[in-house]
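Undergrad: fold the following.
(one chain, ligands or ions: 1)
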Amino acid sequence: MTGRPNLYGALDLGGTKVRAVVADSEGRVYGEDIRPSRTEEGLDAVVSRLAESLQVALGQAGAELTDLKGVGVASPGAVDVKRGMVPSAPQLPGWHEVPLAEIMSRRLGLDVCLENDATAAALGEHTFGGGRGVRHMVYLTVSTGIGGGIIIDGKLYRGASGAAGELGHITIDSSGPPCGCGARGHLESLASGTAIARRGEELVAKGESQVLAELRRQEGRVTAEMMERAAGLGDVASREVFREAGHYLGIALASYVNIFNPEVILIGGGVARAGDLFMEQARTTMQALAMSQPLKDVRLGLGELGDRAGPLGMIARLREAVGQEQAKGPRR
Ligand SMILES: [Zn+2]
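TA: Now for the predicted structure:
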């Protein structure tokens, strides 16, 4: 035993990285491990990697698996929370209807719960980050894709089957580019890191950015991060792509303001953290399009927890589940 009675384990499964966090019920992190996910190696390899990562984080914390009160996994995709299933996700090639909670539970010998990664990040920011004490909050993560979570009256809004909060999949332009979900012109297809990189490739193909063409020649394909550097070097075309993506985000934010009347909208994810221009334009467009009354109430800002938002959200969820068990325990 470690003398820390409320330790939890959280695993964040991403398309490029897995992250294991061991933290207590107050979100204090005692151990953390990050490694490449290598999802192309298949399910068994990824499951082993998650388990190894957790062991390393436990080692840092001076704890063992049996010290944990629970383990939570945050996964991409429209996760079926009740059944603990990952249906399929672009970040997880070859995965279909994977009962990940059960697989991890058998592997670790502990109860394991599953949550969509963006939903978990919303919970994390609400419990331990920029949304502490807030009753009505909208959270978006803008990275490779765009996900989100909605807090209503201090609680996560899940919808009928737990799939609520897909804030990246609202239509901005019905004749726009194809989205990963199969539709056209969704916010994700216009303002995600993937969308920004695609616009960058177009700039290079049309000969509209010498700076980007040179970076691409040195490093291979265009990424949103590369475009951010090009914008920093004064490349007007790259700056315009970020401004345009920010405008599309702002259109969506105005709708969230009108629909949810939130106190706070927090944006997480690498793209938002990278670009001032992106966030400034999103704010300007949101202010131009939202209705005046709900607009007065809302504060738009960046998430505070960075890449730990998802894992800490799983800690929040586990803490709540244990609290509910304890509350009903002695009376039965
Ligand atoms: Zn979509």
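
Undergrad: can you list the residues of the stretch 151-300 of the chain near the ion?
TA: His169, Cys179, Cys181, Ala183, His186 (CB under 5 Å from the ion). All C-beta spots, glycine's among them, are computed from the backbone N, C-alpha and C.

Undergrad: ok, and the most crowded of those?
TA: Most neighbours among those, by other CB atoms under 10 Å: His186, with 29 neighbours.

Undergrad: quick revisit: quick one, which of the residues of the stretch 151-300 of the chain next to the ion has the minimum pLDDT?
TA: Lowest-confidence member of those: Cys181, scoring 85 (pLDDT).

Undergrad: so that residue, which of the three states?
TA: coil (DSSP: H, G, I helix; E, B strand; the rest coil).

Undergrad: please, where are all the strands along the protein?
TA: In the chain, the strands defined using DSSP state E lie at 7-13, 17-24, 29-36, 68-75, 112-116, 137-142, 146-152, 155-156, 264-268, 299-302.

Undergrad: mean pLDDT and distance to Met279 for these - can I get that in a markdown table?
TA: Below are the strands of the chain laid out as a markdown table (pLDDT from 0 to 100; distance: least, CB to CB, whole Å):
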| stretch | mean pLDDT | distance to Met279 |
| --- | --- | --- |
| strand 7-13 | 96 | 24 |
| strand 17-24 | 96 | 24 |
| strand 29-36 | 97 | 26 |
| strand 68-75 | 95 | 24 |
| strand 112-116 | 93 | 24 |
| strand 137-142 | 97 | 10 |
| strand 146-152 | 96 | 14 |
| strand 155-156 | 94 | 25 |
| strand 264-268 | 97 | 7 |
| strand 299-302 | 96 | 7 |
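
Undergrad: mind giving me TSV with those strands and columns for distance to Leu203 and mean neighbour count?
TA: Shown next, in TSV, are the strands of the chain (distance: least, CB to CB, whole Å; neighbours: other CB atoms under 10 Å):
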stretch	distance to Leu203	mean neighbour count
strand 7-13	33	28
strand 17-24	28	24
strand 29-36	29	16
strand 68-75	33	24
strand 112-116	33	25
strand 137-142	20	29
strand 146-152	21	26
strand 155-156	39	18
strand 264-268	24	26
strand 299-302	27	15
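
Undergrad: what residue lies at the spatial centre of the chain?
TA: Nearest residue to the geometric centre of the chain (CA atoms, centre = their mean): Ala118, 3.5 Å.

Undergrad: look up the closest residue to that residue, ignoring the ones flanking it.
TA: Using CB to CB, 6 or more residues apart in numbering and skipping the chain neighbours, the partner closest in space to Ala118 is Gly147 (2.6 Å).

Undergrad: what about that neighbour, distance to Tyr157?
TA: Taking CB to CB, to the nearest Å as the measure, Gly147 falls 14 Å from Tyr157.

Undergrad: give me the longest helix you can find in this structure.
TA: helix 236-260 (DSSP state H).

Undergrad: what's the weakest-modelled helix or strand in this structure?
TA: Averaged element by element with mean pLDDT, DSSP states H and E, the chain has its least confident helix or strand at helix 270-274 (a mean of 82).

Undergrad: can you list the helices and strands that it packs against?
TA: strand 137-142, helix 193-205, helix 224-232, helix 276-289 (3 or more CB pairs under 8 Å, 6 or more residues apart in numbering; DSSP states H and E).
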